[in-house]
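A.B. asks: below are the sequence and a predicted model for it; my questions follow.
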Amino acid sequence: MNHLEGKVVVITGASSGIGAVSAKALAARGATIVAAARGQEALDQLVTDIEKAGGTAGARLTDVADAADAADMQALADFTVDTYGRIDVLVNNAGLMLFSYWKDLTLQDWNRMIDVNIRGYLNGVHAVLPVMLRQKSPRPPRNSTPSPSAPRPSPTPSSTPSTSQPTSTSTT
């Protein structure tokens, strides 16, 4: 038995891209998938694809873009527990990236990105963390994307002089 066999995995933003690929890959390894996204047709197709391949999946239409109200993410967590009895993994994948010039974006566009990418993420954690804590799950939910500009652990102090510590710079 592998470490994903029988685990219940909630995936937001599951109807396309990384979310859909993750759902199929995790289902192929024995996880039960609860796929959440805003597009019912794409979710239904994803569930069908997983089930045809021998996996187990369910879908929940959700609108994580309306992050001012965390009720949708709570309903997703409640649906998962009511249907499958637990939540073992959260793939907090829902996100929005606007591809345009800064000068062309409106404040409304930026606020929508913040709602989806930050508030939606936090609402997902807020909804599933109490469940995972009750289950004594070994790890809290998290999802991150490495970036070449992301902070990296510095070498051990014994191997480098203290003056080699990274500094923060800002350009305007």
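C.D. replies: Good, I have the coordinates. Numbering: from 1, shown residues only.

A.B. asks: shaky segments in this structure?
C.D. replies: For the chain, the stretches flagged by pLDDT under 70 are 1, 63-69, 138-172.

A.B. asks: cutoff 90 now
C.D. replies: For the chain, the stretches flagged by pLDDT under 90 are 1-3, 13, 15, 37-40, 58-70, 72, 92-117, 119-121, 136-172.

A.B. asks: CA atoms of the helix or strand containing Trp110 as CSV?
C.D. replies: In this assignment (DSSP states H and E), Trp110 forms part of helix 107-114. Provided in CSV are the C-alpha atoms of helix 107-114 (Å, rounded to 0.1, in the frame of the first residue of the first chain):
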residue,chain,number,x,y,z
LEU,A,107,-8.0,48.1,-9.0
GLN,A,108,-10.9,45.8,-9.4
ASP,A,109,-8.7,43.2,-11.2
TRP,A,110,-6.0,43.4,-8.5
ASN,A,111,-8.6,43.0,-5.8
ARG,A,112,-10.0,39.9,-7.6
MET,A,113,-6.5,38.4,-7.7
ILE,A,114,-6.1,39.0,-4.0
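
A.B. asks: how far does it sit from the chain's center?
C.D. replies: Put simply, helix 107-114 sits 19 Å off its chain's centre (C-alpha atoms, centre = their mean, to the nearest Å).

A.B. asks: could you do stretch 7-15 as well?
C.D. replies: Here stretch 7-15 is found 8 Å from its chain centre; the criterion is C-alpha atoms, centre = their mean.

A.B. asks: and it, how far apart are its ends?
C.D. replies: With C-alpha to C-alpha, to the nearest Å as the measure, the first residue of stretch 7-15 is 20 Å from its last.

A.B. asks: buried ones in stretch 109-123?
C.D. replies: Neighbour-count burial for stretch 109-123 flags 115-117, 119-121, 123 (criterion: 16 or more other C-beta atoms under 10 Å). (Each C-beta comes from the backbone N, C-alpha and C, glycine too.)

A.B. asks: any chance of those in CSV, plus secondary structure and distance to Ala20?
C.D. replies: Below are these laid out as CSV (DSSP: H, G, I helix; E, B strand; the rest coil; distance: C-beta to C-beta, whole Å):
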residue, secondary structure, distance to Ala20
Asp115, helix, 22
Val116, helix, 17
Asn117, helix, 19
Arg119, helix, 23
Gly120, helix, 18
Tyr121, helix, 19
Asn123, helix, 21
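
A.B. asks: pretty sure Asn93 contacts Ile11?
C.D. replies: Yes. Under the criterion of C-beta atoms under 8 Å, Asn93 makes contact with Ile11 at 5.9 Å.
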